[in-house]
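Student: prediction below, plus the sequence it came from.
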Amino acid sequence: MSSSPKKPPIKFARRTSSGRIVSLSRDDEIDLGLAASELTSTSSGGGNDYVNYTVLMPPTPDNQPYTGATSSSSSSSSAAASSSKPNDIPLPPYGPNGAKLTGRRGGGRDEGGVGGPSSSKLDRRMSTVMHANKSLLLRSQTGDFDHNRWLFETKGTYGIGNAYWPQDGGGGYDDEDGVGMSMSDFMDKPWKPLTRKVKIPAGVLSPYRLLVLVRLVALSLFLTWRIRNPNQDAMWLWGISIVCEIWFAFSWLLDQLPKLNPINRAADLAALRDKFESPSPSNPHGRSDLPGLDVFISTADPEKEPPLVTANTLLSILATEYPVEKLSIYISDDGAALLTFEAMAEAASFAQVWVPFCRKHSIEPRNPDSYFAVQGDPTKNKKRPDFVKDRRWIKREYDEFKVRINGLPDAIRRRSDGLNSREELHEKKLARDRGEPLDPAKLPPKAVWMADSTHWPGTWAPPSPDHSKGDHAGILQVMIKTPHFEPIPGAPGDHPYIDFTGVDTRLPMFVYVSREKRPGYDHNKKAGAMNALVRASAILSNGPFILNFDCDHYIYNSLAIREGMCYMMDRGGDRICYIQFPQRFEGIDPSDRYANHNTVFFDGNMRALDGLQGPMYVGTGCLFRRYALYGFNPPRANEYLGLYGQHKRPAVAPGAVRGGDEEGEGGGQPLAEHPDLDGPNKFGNSKMFVESIAVAEYQGRPLADHPSVKNGRPPGALLAPRPPLDAPTVAEAVSVISCWYEDKTEWGDRVGWIYGSVTEDVVTGYRMHNRGWRSVYCITRRDAFRGTAPINLTDRLHQVLRWATGSVEIFFSKNNALLASPRLKFLQRVAYLNVGIYPFTSIFLVAYCLLPALSLFSGHFIVQTLDVTFLVYLLLITITLMLLSLLEVKWSGIALEEWWRNEQFWVIGGTSAHLAAVLQGLLKVVAGIEISFTLTSKSASEDEDDIYADLYVIKWTSLFIPPLAIIVINLVAIVLGFSRTVYSEIPQWSKLLGGVFFSFWVLAHMYPFAKGLMGRRGRTPTIVYVWAGLLAITVSLLWISVSPPDDGLSQGVQI
């Protein structure tokens, strides 16, 4: 009872300089400067506490117990077994005899420890690791293990989480199987995906989906209430309004359903570089293993598409950051103009200095016109001391380049006139020598001459047989030959003004192509030109991927193509048919009056479709898989069955027989084939082209570097250099761009760009999705590509008219989404269905925009009275729409002003261009009559210094009539309704308020249109006042004839 209770043992430890806690073992005779009495004091439980303490030592280079490892030390090992701690881990055998021991914290033993005779075989310098009270490998001040000394004295090397012995030092560390270990065993990196999905936060997406459901329920209840409560005083007004509202609800549902699953994506460029451009066993020299890429530029008329713009687009592509030997560029000149040909030749010459300059100084953007127009400090983030000198010189060279490009039309004209005069003089001389009168019919035609004094085989300024826009020979010219597969760095003195030492001076291959055109053939406009490029590029370079540009779109981000390639080369990339990049525009007025940026579509709708089967193909800036463009089915696909595609099953090849499946169908029944699922088999009579198909398919596969990668190719399969072009190959390329090549083939029907629609891009993408392919929307942090868009009201309306006309054609064709295959997802089908249906909304929109005026004219409203139920429903629908818009702005990144501009132009375009497109489409389908809306008058701007001068240019067109009529009619109705209410004996202010409110709603949406008609500083054309006056008089007279006034005022106003 008198003895004190036994205290629990205390474990000793100390903190190292790195902050780690190290336990102290009794066997470690480390001088800590502590007295023996302190270690055995009664306050710490006595001296026996330290004796009974054991330590678990992890097997790291600086902390491993040694228990003997060789046969020669077996006796010592057995003798030490009894004294070895149970938790001690044996040391792997270092050195040739398996007994080289490195210094470790607490790992060495004194002469009486477990080392025994084994320790005598250790390296002499390391045998004295622990001596007396202090280790030689412990820092004298802190007692920490000296890693640097250990590395120096043993030639050891730290790996990742371990250490290994260098082979040249005779250490030779072997594992249990006797296999040598090297640094690569510790440096193997885990497999990394190239891309990842970034989901929209649930805090944004869940309320968004809930609000869609709430608004859908509210719309259903509202329409039910409207149908059950007709306006008996004005049934015609109620009937028009209810039909329009039902259609608007249906149209909103078609637009909203595909937005339920938006996603974001991110690409890992570092992982792409590590996989495809870093040294490896399959790629010892670190050459690029990326697939080839063919870039298409399309142009048709140098008068409408300035050659300088096209040349800048070409320069930005030539300088992009993609392996030079894997990049090929093709320009399709569908006008076969010598001006375009010589402008491209000038651009190819200027590229010899522009491209190395961009690589040397990491220039962004690499369009010279855009680069020199950037506001700000050009020296920002530029580290080379000669940047200012190089930039000043290249700017002067570019100014001279522009002068040469702009002077080409006059140079070609003067050259042609001089050579034509010489030819005429020659003919006159021959006739004079023969003594015959000169026959004017025998005079040579006014030809267009090339710089080498030969006739240009394309179109001539005065059209001639075989030299007009619809009748000329095919032209193919390789302007920049295939580059060498190894980098060619510049050397000192290569250039007199810029030092390109160490900079790769190679240029990608560049080819000018103008397909053959002859009378009697349907050349299918842009789609036919693109298909000709597909065939020619397959013969010359056969890149498994194709990137197409309009001539006014250039590469703004030189790494954008690599980001797109990440998706194609990632796991599952073999199922992706194309990567669509958003379209960004320059030169648009700051207020974006006519919603030219179209951000609601590109950042909202397209991002949402990326969460389904993929975005639509919308023209320029799209990276295609060549194999998918040929009309083949994907290697794997799914079928979606049921009312709304709720049942999914793997798809099988068309014509195959499916056994019993989960749907309960009978086994052994052939599949119901869709026409789009049949494989293409008619590519034309070019054997070389047909043989290139399998090569393109194989080279476009992702790397088979992981078990989850299906349908992959082995690493290093694309390291072989591209063979140089020869004359037979170029001749074959010329033959495939002939006008007769597509006869009796499936080009334009199943293969390549699809014919038969103004919007061939949407149809082509739809066909791919219909076969089961997927697409990806690639939004880069820095805009990938940029271009120009029309800021003039007339040009903008005609652009929308063309899109809407194509949509109407899609609706009345076999490309209607209602006829899609089961491989198209339900919501993707809804999105494509909306593409064909949205122009028809214009019929109901025009009627609904006239309803407020009709209400004010008649003195009635769409409801009997403005009761509480109607106002509550209206308020609920409006609030949910506003909240949906705010959440959509949140997940899409668009601004509220952009959303409002889009709403305004939806009304403007819907009442003008969309209505004209429906009329044009119906007449074409029913009666076969085609109507074209052309410009009738043009007012040129006088301010040449204003970059937005074209915004104020007014070009009268018949598309102005419907929205102008709506504005005038609503203004007249407001005045008339207000007058009748004020002078009425029993004024009905509620009905006036309802009509005026909706009239102002219409006018608020029409404000940009009215502002566009006013031009700059009120310079409104006279024709606008004429049409407005005629409409006002016509409406007034029409209403007087319909509802003539009575004798008495009290009787004349029936409220």
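Tutor: That came through, no problem.
Student: contacts only, for the spatially most central residue of the chain.
Tutor: Residue closest to the average C-alpha location in the chain (Cα atoms, centre = their mean): residue 581, at 2.2 Å. Contacts for residue 581 were tallied using Cβ atoms under 8 Å, 6 or more residues apart in numbering; they are 560, 564, 621-623, 778-780, 784-785. All C-beta atoms are positioned from the backbone trio N, CA, C, and that covers glycine.
Student: that one and residue 620, how far apart?
Tutor: 9 Å (Cβ to Cβ, to the nearest Å).
Student: quickly list what's touching both of those two.
Tutor: Joint contacts of residue 581 and residue 620 (Cβ under 8 Å, 6+ apart) are residue 785.
Student: in the stretch 651-800 of the chain, which spans are strands?
Tutor: Secondary structure of the stretch 651-800 of the chain (DSSP state E, counting those that start in this stretch): strands located at 657-658, 669-670, 774-777, 785-788.
Student: the second one - what's its average pLDDT?
Tutor: The one in question is strand 669-670. Mean per-residue pLDDT for strand 669-670: 40.
Student: ramachandran coordinates for the residue nearest to the centre of the chain?
Tutor: Dihedral pair for residue 581: phi -100, psi 150, per degrees, to the nearest 10.
Student: switch to numbering from 725
Tutor: Right, with 725 as the first residue, what we last looked at is residue 1305.
Student: per-residue pLDDT of it, please?
Tutor: At residue 1305, pLDDT is 96.
Student: residue 1250 contacts residue 1483, correct?
Tutor: No. The pair residue 1250 / residue 1483 is not scored as a contact, 10.6 Å apart, by Cβ atoms under 8 Å.
Student: so where's the stretch 1625-1774 of the chain uncertain?
Tutor: 1654-1670, 1709, 1711-1712, 1739-1774 (pLDDT under 70).
Student: ok, 90 please
Tutor: 1644-1682, 1692, 1695-1724, 1734-1774 (pLDDT under 90).
Student: report how many residues lie close to residue 1165.
Tutor: Using other Cβ atoms under 10 Å, residue 1165 is surrounded by 5 other residues.
Student: mind checking the SS state of it?
Tutor: helix (DSSP: H, G, I helix; E, B strand; the rest coil).
Student: contacting residues around residue 1256?
Tutor: Residue 1256 is in contact with 1056, 1237, 1239, 1460-1461, counting by Cβ under 8 Å, 6+ apart.
Student: break this structure down into its domains, please.
Tutor: Annotated domains of the chain cover 936-982+1517-1741, 1012-1099+1110-1374+1398-1513 [the TED database].
Student: closest one to residue 921 among these?
Tutor: domain 1012-1099+1110-1374+1398-1513 (8.7 Å; Cβ to Cβ).
Student: got the end-to-end distance for the closest one?
Tutor: For domain 1012-1099+1110-1374+1398-1513, the first-to-last residue distance is 36 Å (Cα to Cα, to the nearest Å).
Student: any idea how far residue 1334 is from the residue nearest to the centre of the chain?
Tutor: 12 Å.
Student: on that earlier part again, okay, and the common contacts of residue 1250 and residue 1483?
Tutor: By Cβ under 8 Å, 6+ apart, no residue touches both residue 1250 and residue 1483.
Student: now residue 1607. Nearest residue, chain neighbours left out?
Tutor: Excluding its sequence neighbours, the residue lying closest to residue 1607 (Cβ to Cβ, 6 or more residues apart in numbering) is residue 935, at 5.4 Å.
Student: now do residue 1694
Tutor: residue 1723 (4.5 Å).
Student: toward the C-terminus, what is the element adjacent to the helix or strand harbouring the one you found?
Tutor: Residue 1723 belongs to helix 1713-1729 when assigned by DSSP states H and E. As assigned by DSSP H and E, the chain's next helix or strand after helix 1713-1729 is helix 1731-1738.
Student: that following helix packs against which elements?
Tutor: The contact analysis (3 or more Cβ pairs under 8 Å, 6 or more residues apart in numbering; DSSP states H and E) places helix 1731-1738 against helix 1517-1535, helix 1620-1634, helix 1685-1706.
Student: would you tell me which of these gets closest to residue 1327?
Tutor: Taking these one by one with Cβ to Cβ, helix 1620-1634 is closest: 8.6 Å.
Student: using PDB, list the CA coordinates for the closest one.
Tutor: Provided in PDB are the C-alpha atoms of helix 1620-1634 (Å, rounded to 0.1, in the frame of the first residue of the first chain):
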ATOM      1  CA  LEU A1620     -27.300  39.000 -69.300                       C
ATOM      2  CA  GLU A1621     -26.900  41.700 -72.000                       C
ATOM      3  CA  GLU A1622     -26.000  39.000 -74.500                       C
ATOM      4  CA  TRP A1623     -29.000  36.900 -73.500                       C
ATOM      5  CA  TRP A1624     -31.300  40.000 -74.000                       C
ATOM      6  CA  ARG A1625     -29.800  40.800 -77.400                       C
ATOM      7  CA  ASN A1626     -30.400  37.200 -78.400                       C
ATOM      8  CA  GLU A1627     -34.100  37.500 -77.400                       C
ATOM      9  CA  GLN A1628     -34.400  40.700 -79.300                       C
ATOM     10  CA  PHE A1629     -33.000  39.400 -82.500                       C
ATOM     11  CA  TRP A1630     -35.000  36.200 -82.100                       C
ATOM     12  CA  VAL A1631     -38.100  38.400 -82.600                       C
ATOM     13  CA  ILE A1632     -36.600  40.500 -85.400                       C
ATOM     14  CA  GLY A1633     -35.300  37.400 -87.300                       C
ATOM     15  CA  GLY A1634     -38.400  35.500 -86.600                       C
END
